[in-house]
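# how would this look folded up:
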Amino acid sequence: MNGYCDGIKRRDVLKVGALGAVGLSLADYLRAAEASKAGSGKAQSAIVIWLGGGPPHLDSFDMKPDAPAEIRGEFQPIATNVPGIRVCEHLPKLAACADRYAILRGVSHTLAGHELGTNYLSTGNRPVPSLIYPGYGAVVSKELAGAADLPHFVAIPRTPQTAGYLGVRHAPLATNETPRPGVPFSVRGISLSGGLTVEQFEQRQRLLERVDTAFAELQSHDPLVDGLDRFDEQAYAVISSPRARQAFDTSLEPTDVSNAFGEHRFGQSCLLALRLIEAGVRFATVTFSGWDTHSNNFRSTRDSLLPQLDQGLAALLGTLEARGLLDTTTVLVTGEFGRTPKINDRAGRDHWPRAFSILLAGGGVRGGQVIGASDEHGAGPAGEPITPEAVAASLYHSLGIDCRKEYHTHTGRPVMIVREGSVIPGVFG
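Coordinates of the predicted model:
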């Protein structure tokens, strides 16, 4: 795993309560993953695309072609399919479907470190030393009921979002790997390993059931034991469920669909997120790192980062719409901050939280619009800034979750889901 410029290892930023990372079995995970009540918003699920490292807003969705050369950079803007909206020339597929998403410009905060910015944009709460706030996926897992034979929060391959004070029961199931085109994809803890077939697993399950009869009297008087058995049964349901195994297997997609996403890891991860949402998973994250471009910003973004984002994200939005899922799936695309307007002496851009861009789509979001603005050099918001709290409030609103709802920590401390912020005006049609 590559390190960020500030010395923080990306594996440290991304470590969460995932199965492989903390040694949880699937049964352990499911014992802790029971969701509560359903929401009432238009969306029923969400996908967060995490652009780890901080994507350059001036070289993607907030270009400044009239700024001085040391600010505007090497790329040119191109028209989209929405009159008046322009994006980078290296995003042609996203330019052709700009009517499907809204661009938030002038998003702003003051935390220029990767870890702090990541925590802020993963929760909608400004980090404090005394409390770890839950990420979006943990809250969705708690608030929206999901199917018994599917995990409720899946991270591809990992995510900076943690369960925070909500506890491990709402932690993500991390795939720890990304799919490859045409290759059946397995997830440790869900797919059977070591050559064990479902039939063999069923034989073991029947043996365990016979052994368990010896404890029937104890179980009848012990709700904890009964609960453990119930979650073991749910783990077995996931392992043996054709729906769960098929949802993770991207090789089942038609070749033309898979090809549209690209052969790179990001595109295939977007394809997996699509299949999970289609199967009934409530929340999925796709982590696409490498945006910490202090040097060679233009070469890196031109040759790999922007083309992969363009292909994978455009295919995700288009396929969600084609399958009738875009209206019920909110898609959020963000990093922890943007990058400096002024290009440094290494042809790079440095950390810049004062102004950056975020994309929102689906779940009732009105596409084909730009909300907010940055100033003439992209150095700060032009007018009222859009805060991470407002972004979080809007995401939760799309899912019918009241961001002002109060939770309690294990010590009994009352905490709102989002401490401040309200829905961004004009986002929803």
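
# Give me the three-state assignment for Ser122.
Applying DSSP: H, G, I helix; E, B strand; the rest coil to Ser122 yields a three-state assignment of helix.

# quick one: pLDDT of it?
With respect to pLDDT, Ser122 has a value of 98.

# residues touching it, list them.
Residues near Ser122 by CB atoms under 8 Å, 6 or more residues apart in numbering: Trp50, Gly135, Tyr136, Thr159, Pro160, Gln161, Thr162. The C-beta positions use only the backbone N, C-alpha and C, and glycine is treated the same way.

# hmm, 10 Å instead?
By CB atoms under 10 Å, 6 or more residues apart in numbering, the contact set of Ser122 is 13, 48, 50, 133-138, 159-162, 164, 285, 334, 336, 388, 392.

# Also Gly53?
The contact partners of Gly53, by CB under 10 Å, 6+ apart, come to 2, 4-5, 10, 13, 114, 118, 288-294, 305, 335-337, 339, 351.

# picking that back up, just the buried residues of the contacts of Ser122.
Neighbour counting with 16 or more other CB atoms under 10 Å marks 13, 48, 50, 133-138, 159-162, 164, 285, 334, 336, 388, 392 as buried within these.

# Return the subset of the residues you listed lying in helices.
Val13, Tyr136, Gly137, Ala138, Pro388, Ala392 (DSSP state H).

# just the residues you listed now: which is nearest Arg245?
Lowest distance from Arg245 to those (CB to CB) belongs to Gly137, with 21.7 Å.

# wait, the closest one sits on Gly146?
No - applying CB atoms under 10 Å, one finds Gly137 not in contact with Gly146, separated by 11.6 Å.

# who touches both of those two?
His152, Phe153, Arg282, Phe283.

# Tell me, how many residues neighbour the third one?
It refers to Arg282. 27 (other CB atoms under 10 Å).

# How about the strand or helix carrying Pro307, which residues are buried there?
Remark: Pro307 resides in helix 306-322, with elements defined by DSSP states H and E. Within helix 306-322, the residues scored as buried using 16+ other CB under 10 Å are 306-321.

# And for stretch 94-114?
For stretch 94-114, by 16+ other CB under 10 Å, it's 94-95, 97-98, 100-109, 111-114.

# end to end, how far does that stretch reach?
Terminal residues of stretch 94-114 are spaced 27 Å apart (CA to CA, to the nearest Å).

# For Gly429, give its distance to Thr328.
Gly429 sits at a distance of 15 Å from Thr328 (criterion: CB to CB, to the nearest Å).

# Could you do Glu253 as well?
Per CB to CB, Glu253 is found 20 Å from Thr328.

# go on, Ala315?
Distance from Ala315 to Thr328, by CB to CB: 18 Å.

# And His377, by the same measure?
Between His377 and Thr328 the computed distance is 39 Å (CB to CB).

# go on, Glu384?
Distance from Glu384 to Thr328, by CB to CB: 30 Å.

# And for Pro254?
For Pro254, the distance to Thr328 equals 22 Å [CB to CB].

# Which one's more surrounded, these two?
Thr328 (19 against 8).

# confidence score at the closest residue to that one other than its chain neighbours?
Distances taken as CB to CB, 6 or more residues apart in numbering place Gln44 nearest to Thr328, at 4.6 Å, with adjacent residues excluded. At Gln44, the model reports a pLDDT of 97.

# So what's the residue count around Gln44?
21.

# Check Leu274 too.
Look at Leu274: counted by other CB under 10 Å, it has 25 neighbours.

# Report the residue spans of the stretch 301-429 of the chain with pLDDT below the cut-off.
The stretch 301-429 of the chain contains no residues with pLDDT under 70.

# Strands along that one, start to end?
Taking DSSP state E, counting those that start in this stretch, the strands of the stretch 301-429 of the chain run over residues 329-334, 338-339, 351-352, 356-361, 369-371, 406-408, 414-416.

# mind listing what the third one pairs with, with the direction of each?
Read that as strand 351-352. If you go by DSSP bridges, strand 351-352 pairs up with strand 338-339 (antiparallel).

# same check, this time on the first one
In the sheet containing strand 329-334, its partner strands are strand 45-50 (parallel), strand 356-361 (antiparallel), by DSSP bridges.

# Quick check: next helix or strand after the first one?
What it means is strand 45-50. As assigned by DSSP H and E, the chain's next helix or strand after strand 45-50 is helix 69-72.

# who touches that following helix?
Outside helix 69-72, the residues touching it (CB under 10 Å, 6+ apart) are 58-59, 63-66, 340-344, 349, 376-379.

# which outside residues touch the next helix or strand after it?
Next along the chain after helix 69-72, taking DSSP H and E as the criterion, comes strand 77-79. Defining contact as CB under 10 Å, 6+ apart, one finds that strand 77-79 is touched by 61-65, 85-92, 95-96, 98.

# Those residues: which two are farthest apart?
Farthest pair in the contacts of strand 77-79 (CB to CB) is Lys64 and Ala96. Separation: 22.5 Å.
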